[in-house]
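J.: with the input below, show me the fold.
(one chain, ligands or ions: 1)
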Amino acid sequence: MIADFINEFTFSFEVFPPKKDDEFEDAFRIMKELADLKPDFISVTYGAGGSRTRNTIEIASYIQNELKLPALAHLTCVGSKKQDILDNVQKMKDAGIVDIMALRGDRPAWMDDQQFNDRDFIYAQDLVRFLKKETPDLQLCGGCYPEKHFEAPNMEEDIAHLLEKQEAGCDYFISQLFFDNDLFYRFEDAAKMAGIHKPLIAGIMPITSAKQLGTTVSLSGSSVPKSLADLIATYGDTPEDMRKAGIEYAADQIRKLKEHGVDGIHIYSMNKPKVTREICEALK
Ligand code: FAD
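T.: Residues are numbered from 1 along each chain as shown. From the prediction side, this is the model:
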């Protein structure tokens, strides 16, 4: 159970499940390579609006039962009724998974206005409260946003809702990716001042190409500091140099975060074991 060791520094990875059935063999190989790097746990994302739940459970189960590493299964609630959540959580428990990342998710394209208005869960804290009541044996993680969530009017309100999520029963939080450590330190200070006492794990995404940075920023809304923009300007047109510089940028971010004393590091591995291994080697 991740919560048993969450108060010590943790080093973890995030992966996504395969989209198609014939991609599982390759996914299992990737999980094995990542597990060889000895993270404390691996988290497995959940398809938007609850699509491909089975794949999340199958990969999390492989990590937990075959690779013998704690698996954190993500679960979103925006597109699910209470009974769907109970059914999916039971399947996770049947597969030996007890660590869940309880998320709201974003409105999926298939959800019409009627379905959206009738949804059972409005915010992630509603899911956390529901799971704590219905299945108190689960350990729950939540998401947090060093640059605030895009819907929140300001950081203060976002942190006030994070506090509600902690009070609802989250045992720890993993952050949205960020490229500027100072923003994380500022968020951490503000969250602690507001009463957050559960671990805040820093999410780091290695950037290995200019194109990847563009996609990542448009999805996450994370800001790009001058040092990273300069790196893209210098190496963006030479893929191998860009790759090395991006790995060193992520390793440097991690080194400094550890020195600062953060609660943990979560690498958004994007199912790339080679890049993740090179970061681990750079950290030695
Ligand atoms: P919430 O905690 O509900 O917050 C959403 C917004 O609502 C925030 O602006 C918050 O301030 C506000 N809010 C909360 N409570 C209240 C209230 N009572 N009144 C008013 N406003 C309120 N998405 C996926 O689909 N699959 C994944 O696997 C996945 N993994 C993720 C992993 C991490 C580490 C993170 C940080 C995000 C992940 N996401 C994933 C994305 C996430 O689903 C979206 O960011 C989504 O928009 C918000 O989810 P949440 O759980 O943070 O929502």
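
J.: near the ligand, which residues of the stretch 1-150 of the chain show up?
T.: 45-46, 48, 74, 76, 103-106, 123-125, 143, 149 (CB under 6 Å from any ligand atom). The way it works is simple: take the backbone N, C-alpha and C, and place the C-beta from them, glycine included.

J.: any idea how far the longest helix seen in the chain is from the chain center?
T.: What stands out as the longest helix in the chain, according to DSSP state H, is helix 239-260. The chain centroid and the centroid of helix 239-260 are separated by 19 Å, computed with CA atoms, centre = their mean, to the nearest Å.

J.: ok, now which ones touch residue 74?
T.: Contacts here follow CB atoms under 8 Å, 6 or more residues apart in numbering; on that basis residue 74 touches 43, 44, 45, 46, 56, 100, 101, 103.

J.: pick the one among those closest to residue 201.
T.: Ranked by distance to residue 201 (CB to CB), those are led by residue 43 at 10.0 Å.

J.: picking up where we left off before, how about the CA coordinates for the longest helix of the chain, as PDB?
T.: Written as PDB, here are the backbone C-alpha positions of helix 239-260 (Å, rounded to 0.1, in the frame of the first residue of the first chain):
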ATOM      1  CA  PRO A 239      17.100  15.900 -32.500                       C
ATOM      2  CA  GLU A 240      19.900  14.000 -30.700                       C
ATOM      3  CA  ASP A 241      21.300  17.100 -29.000                       C
ATOM      4  CA  MET A 242      17.700  18.200 -28.100                       C
ATOM      5  CA  ARG A 243      17.100  14.800 -26.500                       C
ATOM      6  CA  LYS A 244      20.200  15.000 -24.400                       C
ATOM      7  CA  ALA A 245      19.500  18.600 -23.300                       C
ATOM      8  CA  GLY A 246      15.900  17.800 -22.400                       C
ATOM      9  CA  ILE A 247      16.900  14.800 -20.300                       C
ATOM     10  CA  GLU A 248      19.500  17.000 -18.500                       C
ATOM     11  CA  TYR A 249      16.900  19.700 -18.000                       C
ATOM     12  CA  ALA A 250      14.500  17.200 -16.300                       C
ATOM     13  CA  ALA A 251      17.400  15.700 -14.200                       C
ATOM     14  CA  ASP A 252      18.500  19.200 -13.100                       C
ATOM     15  CA  GLN A 253      14.900  20.000 -12.100                       C
ATOM     16  CA  ILE A 254      14.700  16.800 -10.100                       C
ATOM     17  CA  ARG A 255      18.100  17.400  -8.400                       C
ATOM     18  CA  LYS A 256      17.100  20.800  -7.300                       C
ATOM     19  CA  LEU A 257      13.600  19.700  -6.100                       C
ATOM     20  CA  LYS A 258      15.300  17.000  -4.000                       C
ATOM     21  CA  GLU A 259      17.700  19.400  -2.500                       C
ATOM     22  CA  HIS A 260      14.800  21.700  -1.700                       C
END
